[in-house]
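Chemist: Predicted model and sequence below, questions to follow.
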Amino acid sequence: FTIAGGAITGFFGLATHASMNFEAQISAVGAVSNATAEELDKLREVALQVGADTTFSATEVAQAMEILAKVGMDLEDIYGGVAEGAVRLSEATGADITTSAEIAATAMTVFKLSAEDAVDVMNTLAQSANASTMDLSDWITAIQYAAPIAATLGYTIDDVAQSLVILGNSGITGSVAATSLRNMLNQLADSGSKVNE
C-alpha cells in the first residue's frame, strides 16, 4: 500500500506540474496577445484538443500559439486553424514546433490566407518539403525571400512550393534556392506585360 500510495502521489504530482506548465504557457500567449478572458478560454480549449489529437502536448501547442501571437497573427486565426496547421506541419516533417510556427505565420501572412486554409496550406508545405531535398528551415528562408514577390505577381503558395521542390531536387537548396527563385520572379516582374506571354 505504501508503494502504491507513493506511485499514485508521484503520478498526481507530475500531472499537477504539467497542468501548471500548460496554464503558464497559456498565460504567456495571453500576455503577448492581450487576449481577453474569453479568448484565453478559446486558446486553452483548442490547445487541449490539438494536443489530444496529435503527438504534441497541449503545452507545446500553446508554445506554437505564442510564437504566432508574437509575429502579430490575430487570435481568431490562431485558434481558428493556424495553430493546428503549424502543429500538423511539425508532426509531418519532424521539424521543431518553433520552425513550423514561423513558416505557418509567414505563409499565411504573405499570401493573405484565412485560418480556414491553414491546415490545407500546411499539408501542401509538408508534402512539398518531404518531396524535396530541402528541410523546413530552408523553406522558411525561401518563403521569406521569394513569397512576397510571388504573391505580388499572383502566384499561390502551391506555385512557390512546387518551384522549391524542383530547385531542391536539382541540387539547389537553402538560401541559394531562395535567392534564385526570388531573382526569377523579379525578372518576371521587370518584364511587365511579358509575364502573361
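Modeler: Good, I have the coordinates. Keep in mind that this is a model prediction, so the values were computed, not measured.
Chemist: List phi and psi for the closest residue to Ala83 other than its chain neighbours.
Modeler: Leaving out its chain neighbours, the residue that sits closest to Ala83 by CB to CB, 6 or more residues apart in numbering is Met65, at 4.9 Å. C-beta: built from backbone N, CA, C; applies to glycine. Backbone geometry at Met65, expressed as degrees, to the nearest 10, gives phi -60, psi -40.
Chemist: How about the contacts made by Met65?
Modeler: Contact analysis of Met65 by CB atoms under 8 Å, 6 or more residues apart in numbering lists 29, 43, 47, 78-79, 83.
Chemist: So which residues of the protein form helices?
Modeler: 2-33, 37-53, 58-70, 75-77, 83-93, 97-110, 118-131, 136-152, 157-169, 174-190 (DSSP state H).
Chemist: As TSV, those helices with mean pLDDT would be great.
Modeler: Below are the helices of the chain laid out as TSV (pLDDT from 0 to 100):
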stretch	mean pLDDT
helix 2-33	69
helix 37-53	95
helix 58-70	93
helix 75-77	92
helix 83-93	89
helix 97-110	85
helix 118-131	82
helix 136-152	82
helix 157-169	87
helix 174-190	85
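Chemist: Deepest in the core, which of the ones you listed is it.
Modeler: helix 83-93 (a mean of 25; mean count of other CB atoms under 10 Å).
Chemist: Could you double-check that Leu48 sits in contact with Thr59?
Modeler: No - if you go by CB atoms under 8 Å, Leu48 and Thr59 don't touch, sitting 10.0 Å apart.
Chemist: how much space between Leu185 and Phe22?
Modeler: Distance, Leu185 to Phe22, using CB to CB, to the nearest Å: 42 Å.
Chemist: An error on my part: the question was meant for Val110.
Modeler: According to CB to CB, Val110 and Phe22 sit 31 Å apart.
Chemist: Need the per-residue pLDDT for Ala35.
Modeler: For Ala35, the pLDDT comes out at 93.
Chemist: so what's it up against?
Modeler: 29, 43, 75.
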